[in-house]
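S.K.: What follows is a predicted protein model with its sequence.
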Amino acid sequence: MQNDTNDFLLHLFPESESSNERASENILADDNTRALLSIHEAGHSAIAIHLNRRVIEVVVYASNSSYTQTERIPPSFEMLHNELILLLAGFEAAFKYTGDASKASIHAGIDNVRIRDLFADLSISEAEQETWLEKARADCRTLVDRYWSAIEAVAAILVKNYRMNGTDVEKTVSSARVTKTNPER
Ligand SMILES: [Zn+2]
C-alpha cells in the first residue's frame, strides 16, 4: 500500500539536493551543517515528546543523511493538526536558530513532501490546506519557543554523538523543561 518510509517520520537529505546553495554561498561548512541539522532534528524530536509521540531514534550525519524516527500514526483528521506541527518543527527550529527562512528550508524538503502526501491522503483542498497550515505553524512556533532550551540541549548532544535513542531524548527534554519551569532557588 505504502512504501517503507511511511512507517516512520523519516527523512533523508541527499547531499545533491542543496549542493548549489552550499557551493554558491558556502554558508554551511561541515560543522555548521551538522549544527543546523541537529537543531532541525532536535525540533522534531522535542516537539514529538510534547505531543506524546514515541521517539524511536534521532540521527544526524554531517553531510549525507539525518532523520527523526517516531511511532507512526495512520493519517486521519484527528491526528492531522499535531502531525503538521511535528512535520513543521524541524523548519521552525532551524528558522529560530538562523533567523533565515531560506537557510531553514534547506533541510525541510522531505518534510514538505510528507505534508503534501498527508493532505492528499485525506483529500484536503488547497484552500483548506492553507488554513490547516496556518494554525499548525502558529502552534508550532509557540512550542518551539517554549521548548527552545530543550531543543538546544538535544541538538548539543546530537552534534557531539550523532545519534540519540528515544529514552535519551525524553530525559533531555524533561530535564531542560524542569530547569526552565522550576528554576533552582
Ligand atoms: Zn525534518
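M.R.: Right, received. Where do you want to start?
S.K.: what about stretch 114-129, how long is it end to end?
M.R.: Stretch 114-129 has an end-to-end distance of 13 Å (CA to CA, to the nearest Å).
S.K.: switch to numbering from 46
M.R.: Happy to do that; since the first residue is 46 now, the last one works out to stretch 159-174.
S.K.: Show me which positions of the host helix or strand of residue 92 end up buried.
M.R.: Assessed by DSSP states H and E, residue 92 sits inside helix 75-95. Neighbour-count burial for helix 75-95, counted by 16 or more other CB atoms under 10 Å, picks out 78-95. No exception for glycine: its C-beta is placed from N, CA and C like everyone else's.
S.K.: Stretch 141-161 now?
M.R.: For stretch 141-161, burial by neighbour count (16+ other CB under 10 Å) applies to 141-143, 148-153, 155-156, 159-160.
S.K.: Do me a favour and get the end-to-end distance for it?
M.R.: 23 Å.
S.K.: For this structure, which segments are assigned as helices?
M.R.: 64-70, 75-95, 122-143, 146-150, 154-166, 171-191, 193-206, 211-226 (DSSP state H).
S.K.: and the fifth one, does that touch the ion?
M.R.: Yes. For helix 154-166 and the ion, the contact criterion (CB under 5 Å from the ion) is met by residue 156.
S.K.: Which strands or helices does that helix pack on?
M.R.: In terms of contacts (3 or more CB pairs under 8 Å, 6 or more residues apart in numbering; DSSP states H and E), helix 154-166 is packed against helix 122-143, helix 171-191.
S.K.: so it versus helix 75-95, what angle?
M.R.: Interaxial angle, helix 154-166 versus helix 75-95 (axes from the mean of the first three to the mean of the last three CA atoms, to 10 degrees): 30 degrees.
S.K.: got it, and the third one?
M.R.: Here helix 122-143 runs at 150 degrees with respect to helix 75-95, directions being taken by the same axes, to 10 degrees.
S.K.: How about helix 122-143 and the ion, touching?
M.R.: Yes. Interface with the ion: helix 122-143 contributes residue 135 (CB under 5 Å from the ion).
S.K.: That helix versus helix 193-206: what angle between them?
M.R.: 70 degrees.
S.K.: what about helix 122-143, average pLDDT?
M.R.: The average pLDDT for helix 122-143 rounds to 97.
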